[in-house]
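Participant: Give me a model of this one.
(3 chains)
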Amino acid sequence: MPYVSIIVLLPLAGALAMLLVPAARLREARLIALVASGASLVFSAILVGVFERGVPGIQYPDTLDWAEQVGLAWDVGVDGISLWLLVLTAGLFFLAVAATAWRTPLRGRAFLGLLLAAEAGLLGLFAATNLVLFYVFWEAMLIPFFFLMAMWGGQDRGPATVRFVIYTMAGSLVMLVALLATAFVAQDITGQFTFSIPELRGVVFSETESTLLFAGFALAFAIKLPLWPLHGWLPGAYRAAPILVTGLLAAVMSKAGAYGFLRIGLPLFPEGADNFAIPLGVLAVIGIIYGSLLAWRAPTMRMLVAYSSLAHLGFILLGIVAFDLLSAQGAVLQMVNHGIVVAAAFAIVGIINRGTSGDRIDDVAGMAAGAPRLAWVFLIVAMASLAIPGSNSFAGEFFILSGVFRQHVWLAVLACIGIVYAAIYMLRLYQTSMAGPPHGADTGRSELRAPDYLVLVPIVIVMFFIAFWPTGIVGATRASVERAIAPAQVAAGRDADEIARPPTPNPPPQAVPLPGDEPAAPDTPQEGAP
Amino acid sequence: MSHLNVVAALPLIIVAAAGVLAMGTGLFDSQRVRRYAPTGVAVAGIVAAFVAIVVLWGDREEAFGGSLRTDRFSLLLSAIFLAAALLVIALGWHESAAVDRRGEFAGLIMVAVAGMMLVASAGDLITLFLGIETLSMSLYVLCALEVWRERSLESGLKYLITGAVGSAVLLYGLALLFGATGALDFATIGQQLELTGLTADPLVIAAMALIVVGLAFKASAAPFHMWTPDVYEGAPTTVTAFMSTATKAAALAAFLRIFQGVLPELAADWQAAIAAIAVASIVIGNIAALVQTNMKRLLAYSSVAHAGYLLIGVAAGGIRGAEAVAYYLIAYLAMTMTAFAVVIIREREVENGEQLEALAGYGRARPVLGIAMTLAMLSLAGFPPLAGFVGKFLLFGSAVEAGMTWLALVGAAGSVVSLGYYLRVLGVLWLGGREDAQPARMLAVPGPVLAATATAALSIILLALLATPLIDISRGAAEALLAP
Amino acid sequence: MSGVPLVFYLGVSAAMFLLGLLGVMTRRNPLLLLLAVELMLNGANIALVGFSRHWDTTDGQIFALVVMVVAAAEVVIGLGLVVAVFRQRLQLNVDDLARLRG
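Facilitator: From the prediction side, this is the model:
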């Protein structure tokens, strides 16, 4: 059964179906959106069930030619890494659609349709196993996000959205050229013109090629992440977007960049990844500290959560570029954790804002007295966000840091500063808003109501579930992560016992040399490598 | 000596005859005849020519002793011209110039198409020049068709003078090419250059330079684009739409015919020149478009930039380059026509309809047109999965394959800049104006206009989803072009 | 082949072409502009005829004849447009034709 295609296409079908619904029939629009995203979630849950743990490669691949002459094809599949991101996306978008269906904004039909289109874009991105398809979804998902921000956003949405799109496009068009170059360079090496990621694995690029190509992809991923200093679009976009969309941007879209590193960057261009590992790690650590500092000084709750997510993404990237099994698994786990926690955090900020005039942290105090249930849930989310032991994020950050400690002690030490700061800013937010004498908020409006539970309870349940049983997620990722980071580990010259699944070179060494190849090509020593 | 082989020239003959006939029917006394006959004749001619193209689709045939080559390339390009003409005639259903002078409008469009077909199927220098002049001269008149409007006249006169200069430069280049090789037909010229290895001959270099400049004028590629915004702004919008799509396609066809079809031996020489023009067009077009407030001028600069993207494919050369150009021309036709269609519709409704602000909030008020315009803008910017993306993918791919990755990077950078203005249009379209207010004055859209708009907008999606057969056709055209 | 050497034809033709180009760039009266363009086209014609003699074919002369027809058509349209503008405005100066900013 083509599970993956169904998961991706259901929301898309829902989005297209919106065009057929008359504008006035909001009920039908809600129903379609709920069914489409709900069905997608159900199918991804089924996918978790039928997924075979321990198999490293792509499972449930679906292939359909699009323009085969030029290598364009619909290639989707799932592995241990993308599995959880698919579930995360489907789950959070279902909650978002449900929340929207409950309190539909003006022009609700278009809002729901665009939400579904964005969901389809992200699901497709995580499922794509073809470079071009990956790029198509990477770009296509910008369009719904652009409209969601531009049409329903707050103040200054115009410049913010344009900046957001231009930043992202700048990265991705470089990626487009890089992926074209990848296919043509690989064709010279293997004699096969393809954009399929599994088929490009193990292609032995020269170090220069590998470095340049990796740089082309990494720029796009780093902008999407965003990595310091490419985060210029983030404050404006997060501020201007409607809070639901901000939550989705932070929870799901930011994972696209990290996922790109794991799916494309490390496996296809190991030498390039190795050359950039330390710089990226340093930037990630700067991002952790910088994001934490900004979160500490953030004037509004929304920006506090936004900047904290900048710091958390630094952790995730750090875990990936350490080329360590433990930290990379931690990074995957943390992608899921962060997605859940930040979604919950933005949901809570949205709920608090219902009862306050503005979004400023200093204007609100003592909400716990009037809204005790809100305070409880907020406490849980805050604890998870700062990763106290026993929370779901703790497992992720612990994995990442212990892996990074093994490889680059000093980066790990610096990254720990971020944890300290996280405690400071989250506790500050909690204390000022919840504790103390009541002030500035209409707690009656902010207290949790039935629809809020609808969103928050599932998230909290999942948080506890992961906290108590992280292996449930991590175990399924092991084989795929081993496979994803192995080429980079080889390039970095790690010990053989660390490398679980050494990659097979492509083309195999015993293959017939291409006409025009010097027979000794594979043995040529790499220039400049010590 | 090969014989006339009139059958191979059938599409051309049909179109030319339909043009003359349409112009003639516009002279009748009866108002009914004047109103419906020219359009009817033109549409019938286009349909008949389409049929002839489908029937003739196949290997190369030569007509008029080799002056005219009917091959897959010329037929595909002819189909593009005809599609553009059909859409423009439909869009002109209610435009003032088209209504009052329907005979001239439909007739001259058809004559221009005939000229373009001559260019695409030229087998020697005379046919090429004749084609370019035929299409240019019809367009000079078309630009000035609204004789009661001074801007229209001014646009026609400006176009005439710059166009004539471009033609003269091109002609001088052709003359020098003739001087270097002693032949007018492409086949002999190609052989001569191949045999004698005249690559370093100053005559040939000068000829190539002049031809590049002359054709760059026609394709409105920078730095020979100065006339474009003025002429595009002044001309009736239907004519502008026709110029920016069909004329560009014809100029690119000439580029491909001469440089890839005839002078592949000298690729090293012209590649750099064309790449330079492509870069200049991309940079100048995109940056100048950023500050425009008039949709027609904005699209004019956008068309300059797109001339640049298309020239990437010419510079890259080879089958892939030609194939990419052919595909992109089709995609470009669909998306530009859609954008102009919305402007044409708006223009009829309000006084300053061609201004960007006239579209404020238009998307909310008219979602169908809003979505059409959105598709056009996103596709022009190269967003997947639309036709513009597939086209850019092919173009950049051809550049990378030809070892000109830097050119692809310039194209990519240009696309990023272009987002600045395409998104601005979208912003105005959906967010402009007051939330609750309706845009001023809206009229019902006439059937043919709406049909043309919807067709063009839908093709933006369909051309991308059904890329496989289309790329096959483009590849066939490219192979026919490069066949000796 | 006897007679005038090719280089003289080319000299005259290049001179005419450049003169025309210069005229186009400096003159502002539409009529003079048309004249200058004619000069350019005829410069090319002379080159064509000269080359035609050089290669001892008639092809170039046929081309030149075609060009003459084309040039005549161009002038007719040009004059038509000039007259139409003239009807609207009495002044004939391209610099005043600046309703469209360029």
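Participant: For chain C, which segments count as strands?
Facilitator: With DSSP state E, there are no strands along chain C.
Participant: low-scoring pLDDT stretches of it, where are they?
Facilitator: Scanning chain C for pLDDT under 70 picks out C:1-2, C:90-102.
Participant: can you tell me which residue is nearest the centre of it?
Facilitator: residue C:38 (2.1 Å; Cα atoms, centre = their mean).
Participant: quick one: low-confidence ranges for the stretch 301-450 of chain A?
Facilitator: Counting by pLDDT under 70, the low-confidence segments of the stretch 301-450 of chain A come to A:441, A:443.
Participant: Now with 90, please.
Facilitator: Residue ranges of the stretch 301-450 of chain A with pLDDT under 90: A:301-315, A:318-331, A:333-334, A:336-338, A:340-450.
Participant: circling back: am I right that the residue nearest to the centre of chain C is in contact with residue C:20?
Facilitator: Yes: contact criterion Cβ atoms under 8 Å: residue C:38 and residue C:20 qualify, at 7.4 Å. Every C-beta, even on glycine, is put in place using the N, C-alpha and C of the backbone.
Participant: any idea which element the closest residue to residue A:80 other than its chain neighbours lies in?
Facilitator: Of all residues not flanking residue A:80 in the chain, residue A:480 sits nearest, at 3.3 Å (Cβ to Cβ, 6 or more residues apart in numbering or on different chains). Residue A:480 belongs to helix A:471-492 when assigned by DSSP states H and E.
Participant: Off-centre distance for that helix?
Facilitator: Counting by Cα atoms, centre = their mean, to the nearest Å, helix A:471-492 is centred 17 Å from the centre of its parent chain.
Participant: So which elements touch that helix?
Facilitator: helix A:80-102, helix A:266-268, helix A:270-297, helix A:325-354, helix A:450-468 (3 or more Cβ pairs under 8 Å, 6 or more residues apart in numbering or on different chains; DSSP states H and E).
Participant: Give me whichever of these is most buried.
Facilitator: With neighbours taken as mean count of other Cβ atoms under 10 Å in any protein chain shown, the helices and strands packed on helix A:471-492 reach their highest mean count in helix A:325-354, at a mean of 26.
Participant: Spatially nearest residue to residue C:78 (excluding sequence neighbours)?
Facilitator: Once flanking residues are discounted, residue C:78 sits nearest to residue C:34: 4.6 Å by Cβ to Cβ, 6+ apart.
Participant: could you give the mean pLDDT of the longest helix anywhere in chain A?
Facilitator: The longest helix of chain A (DSSP state H) is helix A:157-190. For helix A:157-190, mean pLDDT rounds to 84.
Participant: C-terminal to it, what's the next element?
Facilitator: Sequence order places helix A:197-200 as the next helix or strand after helix A:157-190, per DSSP H and E.
Participant: what's in contact with that following helix?
Facilitator: Defining contact as Cβ atoms under 8 Å, 6 or more residues apart in numbering or on different chains, one finds that helix A:197-200 is touched by A:57-58, A:75, A:129-131, A:134, A:182-183, A:186, A:192, A:194, A:263-264, A:267-268, A:506.
Participant: Those residues also near chain B: which ones?
Facilitator: Near chain B, taking Cβ under 8 Å from any Cβ of the partner chain as the test, the members of the contacts of helix A:197-200 found are residue A:183.
Participant: And the contacts of helix A:197-200, which of them are buried?
Facilitator: Among the contacts of helix A:197-200, those scoring as buried are A:58, A:75, A:129-131, A:134, A:182-183, A:186, A:194, A:263-264, A:267-268, A:506 (criterion: 16 or more other Cβ atoms under 10 Å in any protein chain shown).
Participant: Could you report the separation of residue B:147 from residue B:156?
Facilitator: 9 Å (Cβ to Cβ, to the nearest Å).
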